[in-house]
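Prediction below, plus the sequence it came from.
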Amino acid sequence: MTVMEPNAAYAGQELPYDLQVGADEAVREHHQSPVVTADPSAPSSAAGLDERPPEPHLTADEVLQRIESRTLEPEAAPTPIVLPTRAASGRYRSPALGFQLEMRVDIDGRRPLRKLSGDYYSVSGATTTYFGSWTVDAVTITSTPTLVTVVGTARTTWTTTYTVARVTIPRVTIFQPAPAATIRWSTPTGTAGATYVCAWESGAFRTVELEQDCEAGVTAFTSYNTGSLPSGGPARTLSVAGAYAEAGVQMVDTGATNAIATSSSHIWTNASLHNAMVTHFSRYQEQSQFKVWLLHAMRHELGVGLRGIMFDQQGLQRQGCASFYQAISAGTAANLREQLYVHTHELGHCFNLFHSFHKTFMTPPLPNRPGSLSWMNYPQNYAPGGGAPGGSAAFWGAFPFQFDDLELAHVRHGFRNNVIMGGNPFGTGAALEVDNGFADPVVDTSGLELRIAVTPDRPVLGTPVVLEIKLVVERRQLVHERQQLHPKYRFVQVAISRPRGDVVVHQPPVSHCALPDLVVAAHGEVQPISAYIGYDAAVGQVFEDPGTYRIRASYVAPDGSLIVSNATSVRIAAPRTEQSEQVADLLLTDQAGMVMTLLGSDSPHLEEGRRALEVVSSDHPDHPAALYTKLAMGINASRPYTEVLDNGEVRVRDRDVARGENLLRQVVDASRGDEGVDDLTVYQALAYLSDAYLAEGDDGRARALRDDARQLAESKNEPASVLRSLG
Amino acid sequence: MTGQVEVELGTGFSDDAVVVLLDGAEVWRSDGVTTNYSVGLAGVVRLPDDVAGTLEVRVRNEARSTRIEPGEHRLRVDLDPSGAPRLRDAPEGPVF
């Protein structure tokens, strides 16, 4: 997969000249625009944004009120009125041209962290796919009366030398439209990179859709006045959305609230919670998205002490959480405070935040912070150290109802997959999605879907692993011909996350360089293919350890759309018998993997691998792998083998159709039902054998085999594309 | 809640097989025990009310035991970074 570099100034990626000029003009225009009532020498405007005390952004009405209050003062001295400038912090977005940048500027407003961050999206055809993230952890801010400049060095999720970010934002009053932010990348030595002009999008760093459902009998929390009981911050009325707004996250209610009818004694389990989420969360999808579900429930099987849980830890995680009111349902101030705390806390887990005292369990770990006055601590665990009192009373008395700074930095500026719901697993930074090209598209109007599944279901170590790939066409369009969906044609790529912790982007040992063979696929058409993925050109044997492997595939459609498949997993069982161990030893070699990839070979360079397949077939015929070894040997026997000798002579071994049929017949007969090898491989075996008979002039036998394959495919309701291929 | 005995399986569990025994007899077993760090718990083992005897927890080829008398008990097992279990009284307070 070709991966361009968004920070470099590629000719094709650079902004169009007219846009670039427009951007510069926009900046210049703001430079030249007199701020009518501003005093350039006044500290509030000239001394820089970082010297202003943090205060909420003023609305136009609030400013007018301030102006009016001044005019009513008795001494009517002609004091110049300084209009507040608009805060620069917030979220900006560049046009969707090649790469689209969502940029977050965090230099003023509430709790400014002096950071920049951004996510790149690759726009290709009808798909927009996440590319990578960057964060500038510390910035230098300089400001003139008309311009703020923010400079710093970025950490990136991809490799680039263009790491120096220089962001400029015109300063305007709150009555003027929010200006665009321009980011220019360069190397540390000053070589210019790409430039993006990003229009202002929101004062929030992130926007998340929140859906809250409520179990029957539960009165869902709405808000709490933090001044009701002693606390460490200013009194204000906070809802869950308000708590997140203070963190810079806009929580948008989906408006699809459900009342979930359960019996009065209902007790939730994590499994039933997940099922409820899948059923009731109107935005639920098995993909990463800034959408989250919160259930207000009564009780959980873990007991009355459980106030809440982020239960979603299967598949793509962190999309749902629940709070339990059993012990805190009465509407006392203390209960309302705890309800607010629990809701915000559980949603914090959905943002991939760990408890303050569990940070060491994260991947990678961080030191615990038991003295943190944060939503993510336990009040009773609060331990500020230094002899200061700890525990619940001390915590609540000092708690300002906020995340701590490191958590705030994560929520606002963490790399996208570390934050987004359905991104990296809870507490984990390493996952398949890290690899470029296999992230879920955020926009997909391609009308194509890629589905994958693994056969066999639970292979024992050494059994060849086959991936079934299906392209589902939801709208009539050109796609690649079915056979070209095999990874060896490179239009489909497969990534495998292995239990040892690495990710293999599969490189088939044999690649077919072919011109795209495109066909018009009708609405609803399905193009399936199966591919052996057990052996790789770069890493050799892929599935050589017992454990769970996660697999995803991507397909580059003719219009450039990047279609990402579902994620599937396969658990490779450890060998439990001596026979299984022997089979694993025989088949998990480079030569055996290559012979399986080639579906057999007479090459003397692969003699050891070929012998391994023969031993498995003859000595371990009951082992599941034996069907695959017979398949390879049968295919190989059914075709001639041409060998170029050292002296230049060519030696041809003729096809042995009888031996081929004997072997392939065993495979086919063992696989007509639900057992054995996958159906597509069965059809392939029969078709291959048919072609061999045809080449030998036995048309009748060839036709009979084709008919057998076709009837079998029809009985299994295979799609038209498969039936067509069987003639 | 009279005499209820609970054993919290806490932090550090990752696809572990756990066995709980009372006076040497197996009373609970589970495979695939994994900590959910949103609550710091992998599970709660509930034993019959008012049991007494030597309670033993086995995990990762190690065992920890304690003597319990009839009555209410809440115990907790956490695995340290090396995987060694630690058995103690469960801390008070809600979890979330």
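Yes, it's here.

Show me which strand runs longest in chain B.
Ranked by residue count and defined by DSSP state E, the top strand of chain B is strand B:25-33.

Quick check: what element follows that strand along the chain?
Downstream of strand B:25-33, the next assigned helix or strand under DSSP states H and E is strand B:43-47.

what does that following strand contact?
Contacting residues not belonging to strand B:43-47 are listed as A:302-303, B:4-9, B:20, B:22, B:27-28, B:30, B:33, B:55 [CB atoms under 8 Å, 6 or more residues apart in numbering or on different chains]. Glycine gets a C-beta too; all of them are placed from N, C-alpha and C.

What are the buried residues along that strand?
Residues B:Gly43, B:Val44, B:Val45, B:Leu47 are the ones in strand B:43-47 that count as buried (16 or more other CB atoms under 10 Å in any protein chain shown).

now the strand or helix carrying A:Met103: mean pLDDT?
Element membership for A:Met103, per DSSP H and E: strand A:99-106. Over the span of strand A:99-106, the pLDDT mean works out to 97.

Packing partners of that strand?
Counting contacts by 3 or more CB pairs under 8 Å, 6 or more residues apart in numbering or on different chains; DSSP states H and E, strand A:99-106 packs against strand A:90-93, strand A:115-124, strand A:164-170, strand A:181-186, strand A:192-202, helix A:405-413.

And the strands in chain B?
With DSSP E as the criterion, chain B has strands at B:5-9, B:16-22, B:25-33, B:43-47, B:53-59, B:62-68, B:73-79, B:85-89.

Out of those strands, which one sits most buried?
Neighbour counts (mean count of other CB atoms under 10 Å in any protein chain shown) averaged over each of the strands of chain B peak at strand B:5-9, with a mean of 23.

other SSEs contacting that one?
Here strand B:5-9 touches strand B:43-47, strand B:53-59, strand B:73-79, going by 3+ CB pairs under 8 Å, 6+ apart.

Tabulate those (TSV), appending distance to A:Leu347.
Shown next, in TSV, are those (distance: least, CB to CB, whole Å):
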stretch	distance to A:Leu347
strand B:43-47	24
strand B:53-59	32
strand B:73-79	26
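
Make sure A:Ala334 is indeed in a strand.
No - counting by DSSP: H, G, I helix; E, B strand; the rest coil, A:Ala334 is not found in a strand; it is helix.

what sits against it?
A:Leu229.

quick one: low-confidence ranges for the stretch 401-550 of chain A?
Regions of the stretch 401-550 of chain A meeting the criterion pLDDT under 70 cover residues A:428-441, A:501.

what residues does chain B put near chain A?
With the criterion set to CB under 8 Å from any CB of the partner chain, chain B comes near chain A through B:6, B:11-12, B:35-41, B:43-44, B:81, B:91-96.

Can you tell me which of those residues are buried?
Burial by neighbour count, judged by 16+ other CB under 10 Å, picks out B:6, B:11-12, B:35-41, B:43-44, B:94-96 from these.

picking that back up, of all the helices and strands packed on strand A:99-106, which lies closest to chain B?
Closest approach to chain B among these (CB to the nearest CB): helix A:405-413, 14.6 Å.

Report all helices and strands that that closest one contacts.
Checked by 3+ CB pairs under 8 Å, 6+ apart, helix A:405-413 has strand A:99-106, strand A:115-124, helix A:416-419 packed alongside it.

Please state the offset of it from the chain centre?
Offset of helix A:405-413 from its chain centre (CA atoms, centre = their mean, to the nearest Å): 19 Å.

tilt between that helix and strand A:99-106?
An angle of 150 degrees separates the directions of helix A:405-413 and strand A:99-106 when computed by axes from the mean of the first three to the mean of the last three CA atoms, to 10 degrees.

Now do the buried residues in helix A:405-413.
A:Leu406, A:Glu407, A:Leu408, A:Ala409, A:His410, A:Val411, A:Arg412, A:His413.

Likewise for stretch A:311-329?
By 16+ other CB under 10 Å, the buried positions in stretch A:311-329 come out as A:311-313, A:316-328.

same question, stretch A:511-521
A:Val519, A:Ala521.

Can you name every helix or strand that the helix or strand in which A:Val208 is found contacts?
Secondary structure from DSSP H and E places A:Val208 in strand A:206-215. Packed against strand A:206-215 by the contact rule (3+ CB pairs under 8 Å, 6+ apart) you find helix A:240-246, strand A:249-253, strand A:259-260, strand A:291-297.

so it versus strand A:99-106, what angle?
Using the same axes, to 10 degrees, strand A:206-215 lies at 80 degrees relative to strand A:99-106.

what's strand A:206-215 in contact with?
A:91, A:104, A:220, A:240-241, A:244, A:248-254, A:256-260, A:262, A:266, A:276, A:280-283, A:290-298, A:347, A:411-412, A:419, A:421.

On the three-state scheme, the residue of the stretch 51-200 of chain A found nearest chain B is what?
In the stretch 51-200 of chain A, no residue comes nearer to chain B than A:Ser133, which is 23.2 Å away by CB to the nearest CB. Secondary structure assignment for A:Ser133 (three-state DSSP): strand.

about what we covered before: between the helices and strands packed on strand A:99-106, which gets nearest to A:Val657?
Checking these against A:Val657 by CB to CB gives strand A:115-124 as the closest, at 46.5 Å.

any idea how far A:Ala709 lies from A:Ser690?
Separation of A:Ala709 from A:Ser690 (CB to CB, to the nearest Å): 7 Å.

So which bits of chain A are right by chain B?
Applying CB under 8 Å from any CB, we find that chain A lies next to chain B at A:270, A:302-303, A:305-311, A:313, A:321, A:323, A:327, A:338, A:342, A:345-346, A:349, A:354-355, A:358, A:360-361, A:378-381, A:392, A:426-427.

low pLDDT regions in chain B?
Across chain B, residues meeting the criterion (pLDDT under 70) sit at B:1-2.

Closest to A:Val442 out of the buried ones among the residues of chain B next to chain A?
The nearest member of those to A:Val442, counting by CB to CB, is B:Ser38 at 25.9 Å.

show me the contacts for the residue lying closest to A:Val526 once chain neighbours are set aside.
Distances taken as CB to CB, 6 or more residues apart in numbering or on different chains put A:Pro719 closest to A:Val526, at 4.0 Å, once the chain neighbours are dropped. By CB under 8 Å, 6+ apart, the residues touching A:Pro719 are A:Glu525, A:Val526, A:Gln527, A:Pro528.

coming back round to it: ok, of the residues of chain A next to chain B, which come out buried?
So, by 16+ other CB under 10 Å, the buried ones in the residues of chain A next to chain B are A:270, A:302-303, A:305-311, A:313, A:321, A:323, A:327, A:338, A:342, A:345-346, A:349, A:354-355, A:358, A:361, A:378-381, A:426-427.

that older thread, for the residue of the stretch 51-200 of chain A closest to chain B, name its beta-bridge partners.
A:Asp119 (DSSP bridges).

which among the contacts of strand A:206-215 end up buried?
Of the contacts of strand A:206-215, these count as buried by 16+ other CB under 10 Å: A:91, A:104, A:220, A:240-241, A:244, A:248-251, A:258, A:260, A:262, A:276, A:280-281, A:283, A:290-298, A:347, A:411-412, A:419, A:421.

picking that back up, in JSON lines: the strands of chain B, plus distance to A:Asp137.
Formatted as JSON lines, the strands of chain B follow (distance: least, CB to CB, whole Å):
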{"stretch": "strand B:5-9", "distance to A:Asp137": "38"}
{"stretch": "strand B:16-22", "distance to A:Asp137": "37"}
{"stretch": "strand B:25-33", "distance to A:Asp137": "38"}
{"stretch": "strand B:43-47", "distance to A:Asp137": "39"}
{"stretch": "strand B:53-59", "distance to A:Asp137": "40"}
{"stretch": "strand B:62-68", "distance to A:Asp137": "41"}
{"stretch": "strand B:73-79", "distance to A:Asp137": "33"}
{"stretch": "strand B:85-89", "distance to A:Asp137": "36"}
